[in-house]
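Chemist: Kindly return the folded structure for what I paste below:
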Amino acid sequence: MTTTVPVICTIPELRTLVQTLIKDSKMIGVVPTMGALHAGHLSLVSESQRQSDATIVTIFVNPSQFSPTEDLTRYPRDLDSDLEKLAGAGNIFVFAPSAAEMYPTGFSTSMTPPAIAKLLEGEFRPTHFGGVATVVLKLLNLTGAHFAFFGQKDYQQLLVVQRMVEDLNVPTEIRVCPIVREADGLAMSSRNIFLSATEREIALSLNRTLKFVEAEIRDGQRDGYELMVEMRQRLIDGGVTRIDYATIADPHSLESVEAIQLPVVALLAAYVGKTRLIDNKIISPID
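Modeler: Modelled structure (predicted):
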């Protein structure tokens, strides 16, 4: 018989759970998600299960990180399917609040994200990381998590959260998990469901471009500017309709690098049809 995952929808219920877990000396892991769970999310859940005594998976499509022109209403939601994917796993709790629960009438406080949020995503989605930082801080406070698990795919988000936690002395350790990809190399994303068969083939150009970048650097290419021009051309040749950025950057500051010294991170954000996809690859020295 499959074990049903307990679902909590209100903050008072969550606080009661957290108090019980802390009283029982349980190490708490949290996996913040917006639902539409896929294997990438489930890999974070597995890591939390491995490293924590109890895991709280948050499922909340956060309206404050979407601008008026973005796909909030279109974002996939299927709580029943998400719960089925989590069913049978031990020591897991789901916190699935409403927007009104997280942002009640009169709510007016928001986080100013760290300076690293101004680059890349911040140039194209200027309000995005303010919403991310606000909701993540709320979730870390509410869950009392000892560990929080984030994937490398949202690389800049990861740096924003790490910086926020350090700057504000939040007693949660941020743990990073690798990108999970489909068999064809496409980075797993909840937005992949919007891709047609033709668009999915075009989307593979993102990972192919990142692999090209790594191969070029391994072969001795050190001209970052030239390589970034080639990245854009490869995406265009692959059928991408719009490129927000294609850059090679310092993995800590995200400043573009013209003279490549490892490690670096190659980052992409591009539209395939109407769907915006991101991907990245860290290129480190080989020992």
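
Chemist: and the residue nearest to Arg77 when sequence neighbours are not counted, what element?
Modeler: In space, not counting the residues next to it along the chain, Arg77 is nearest to Gly35; the distance is 5.8 Å by Cβ to Cβ, 6 or more residues apart in numbering. C-beta here means a position set from N, CA and C on the backbone, and glycine is covered the same way. Under the criterion DSSP states H and E, no helix or strand holds Gly35.

Chemist: partner residues bridging Leu277?
Modeler: Under DSSP bridges, the beta-bridge partners of Leu277 are Ala270.

Chemist: Wait, Gln157 touches Gly131, no?
Modeler: No. Using Cβ atoms under 8 Å, Gln157 is not in contact with Gly131; the gap is 11.0 Å.

Chemist: Thr206 and Arg181, how far apart?
Modeler: For residue 206 the amino acid is Leu, not Thr. 11 Å (Cβ to Cβ, to the nearest Å).

Chemist: Using the three-state scheme, assign Asp279.
Modeler: Judged by DSSP: H, G, I helix; E, B strand; the rest coil, the three-state class of Asp279 is strand.

Chemist: Please enumerate the helices of the protein.
Modeler: Remark: helices assigned in the chain by DSSP state H are 11-23, 39-51, 79-86, 99-102, 121-124, 128-143, 155-167, 197-218, 224-237.

Chemist: Please look at Thr127 and Pro68 and confirm they touch.
Modeler: No. With contacts counted by Cβ under 8 Å, Thr127 stays clear of Pro68, the gap being 9.3 Å.

Chemist: higher neighbour count, these two?
Modeler: Each of Thr127 and Pro68 has its neighbours counted (other Cβ atoms under 10 Å); Thr127 has more, 16 against 6.

Chemist: The nearest residue to that one once chain neighbours are set aside - how many residues pack around it?
Modeler: Spatially, and ignoring its direct neighbours in sequence, Thr127 is nearest to Ser67 (5.5 Å; Cβ to Cβ, 6+ apart). Ser67 has 13 neighbouring residues, counting by other Cβ under 10 Å.

Chemist: returning to what we had before: mind listing the shared neighbours of Leu206 and Arg181?
Modeler: Taking Cβ atoms under 8 Å, 6 or more residues apart in numbering as the criterion, Leu206 and Arg181 both touch Ala187.
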